[in-house]
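Asks: Here is my input, please return the structure:
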Amino acid sequence: MMQDWNAYRAALIERVGDYAKLSPDTMHGMALMDNASSKSGHLDAKVHELIALAVGVTTRCDGCISVHTQKAVDAGATLEEISEALGVAIALNASAALTYSARVIDTYKQLPKV
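Replies: So this is what the prediction gives:
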């Protein structure tokens, strides 16, 4: 086991609760953003959570991974569906590296020639 994700998630939620007491306006804003994306009803909760997992992986957010894995399972996601979403995240990270590599080449080509 790499990490006790259940203990981590519980501790994270507790610390976020502490922060919410210190900065309720920030947490209210976070809740507004979090809820705004689901108001249209075009995507169901499971799809939202699968997207959240992929984004959590690409942004390297352990809290996102812990919380949204639980939420995805609660929304009915299977390990196979989660794995497919993670495959998209992996492909996108590789694509991002390729895209930024192209930026390096472009930068190099714009340098003054010596």
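Asks: Any buried residues in the longest helix that the chain contains, and which?
Replies: Counting by DSSP state H, the longest helix found in the chain is helix 79-110. Across helix 79-110, burial judged by 16 or more other CB atoms under 10 Å covers 81-82, 85-86, 89. For the C-beta atoms, the positions are set from N, CA and C on the backbone; glycine is no exception.
Asks: Show me the residue at the heart of the protein, geometrically.
Replies: The structure's the chain has its C-alpha centroid closest to Gly56; by CA atoms, centre = their mean the separation is 2.1 Å.
Asks: pretty sure it contacts Lys71?
Replies: No - taking contact to mean CB atoms under 8 Å, the distance of 10.8 Å between Gly56 and Lys71 leaves them out of contact.
Asks: what's around the spatially closest residue to Trp5 that is not a sequence neighbour, how many residues?
Replies: Leaving aside its sequence neighbours, Trp5 sits nearest to Ser66 (CB to CB, 6 or more residues apart in numbering; 5.0 Å). Using other CB atoms under 10 Å, Ser66 is surrounded by 21 other residues.
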